[in-house]
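Q: I would like the atomic coordinates for the input below:
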Amino acid sequence: MLTHRLATEEDLPALRVLMTLAIEMLQRGFLDKAQIAASHAVMGLDTQLVADRTYFIVEEAGVLAGCGGWSRRATLYGGDHSTALRDAALLDPARDAARVRAMYTHPDFARRGVGRLILELCEAAAAADGFRSVQLMATLSGEPLYRACGYQEMERVAAAPVDGVSVPLILMGKSVPAPAS
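A: Below is the predicted model:
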């Protein structure tokens, strides 16, 4: 049975390991080896999400199955090392979309509901914070899940090249219902 909790600073080492494994294994079949290598420069852990208490961990029997979060900050994607992508400005729930960020599933738990649970948690938390829509930057491997969960493609883009290699990404969005009163 899957359980969830908010991530803490003590979880950071395990999260980094999970993210590296997910990038290496789950991008296969969607990206070539050079694009997977470049993905490590584009993706990764944003510790601001943990500090903001908006980053979830999903576990099964105490084993880390996945992670992901949401943000009320302008940064759309990227980790601590992606400094050019970072923007800590707070979004306005009345006009901006919350960001779903840094979703990763351990390969042993792929297609077992981990990603769907994280999306539900993020969407509910963003709605409770006053947001009426969410956006995310999808990888090609994540696109099927996001589409199945009601996300619509807004734009196909490529991350800034790393050593001449670009990583294809998809900006996607979704409206979220206001929380029941």
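Q: what's the helix or strand of the chain with the lowest mean pLDDT packed up against?
A: For the chain, counting by mean pLDDT, DSSP states H and E, helix 33-42 ranks last in confidence among helices and strands (a mean of 93). The helices and strands touching helix 33-42, judged by 3 or more Cβ pairs under 8 Å, 6 or more residues apart in numbering; DSSP states H and E, are helix 12-26. For glycine as for every other residue, the C-beta is placed from the backbone atoms N, C-alpha and C.
Q: who's in contact with the helix it packs on?
A: 7, 36, 39-40, 43-45, 47, 50, 57, 64, 66-67, 102, 104-107, 110, 141 (Cβ atoms under 8 Å, 6 or more residues apart in numbering).
Q: the strands in the chain, which residues?
A: With DSSP state E as the criterion, the chain has strands at 2-6, 55-60, 63-71, 98-105, 133-138, 152-158, 168-175.
Q: and those strands, which is most packed in?
A: Across the strands of the chain, averaging neighbours per residue (mean count of other Cβ atoms under 10 Å) puts strand 98-105 on top, at a mean of 26.
Q: how about the contacts made by Gln35?
A: Contacts of Gln35 by Cβ under 8 Å, 6+ apart are Gln27, Val165, Ser166, Val167, Pro168.
Q: bridged to the closest residue to Met1 other than its chain neighbours, which residues?
A: Spatial nearest neighbour of Met1, excluding adjacent residues (Cβ to Cβ, 6 or more residues apart in numbering): Glu60 at 6.8 Å. For Glu60, the beta-bridge partners are Leu2, Val63 (DSSP bridges).
Q: pLDDT at Glu60, what is it?
A: In this model, Glu60 is scored at 97, pLDDT.
Q: hey, C-alpha coordinates of the least confident helix or strand of the chain in PDB?
A: Extracted in PDB, the C-alpha atoms of helix 33-42 (Å, rounded to 0.1, in the frame of the first residue of the first chain):
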ATOM      1  CA  LYS A  33      22.100   8.200 -24.500                       C
ATOM      2  CA  ALA A  34      23.400  11.800 -25.200                       C
ATOM      3  CA  GLN A  35      20.000  13.200 -24.300                       C
ATOM      4  CA  ILE A  36      19.800  11.200 -21.100                       C
ATOM      5  CA  ALA A  37      23.200  12.400 -20.100                       C
ATOM      6  CA  ALA A  38      22.100  16.000 -20.800                       C
ATOM      7  CA  SER A  39      19.000  15.400 -18.800                       C
ATOM      8  CA  HIS A  40      21.000  15.300 -15.600                       C
ATOM      9  CA  ALA A  41      22.000  19.000 -16.200                       C
ATOM     10  CA  VAL A  42      18.400  20.000 -16.800                       C
END
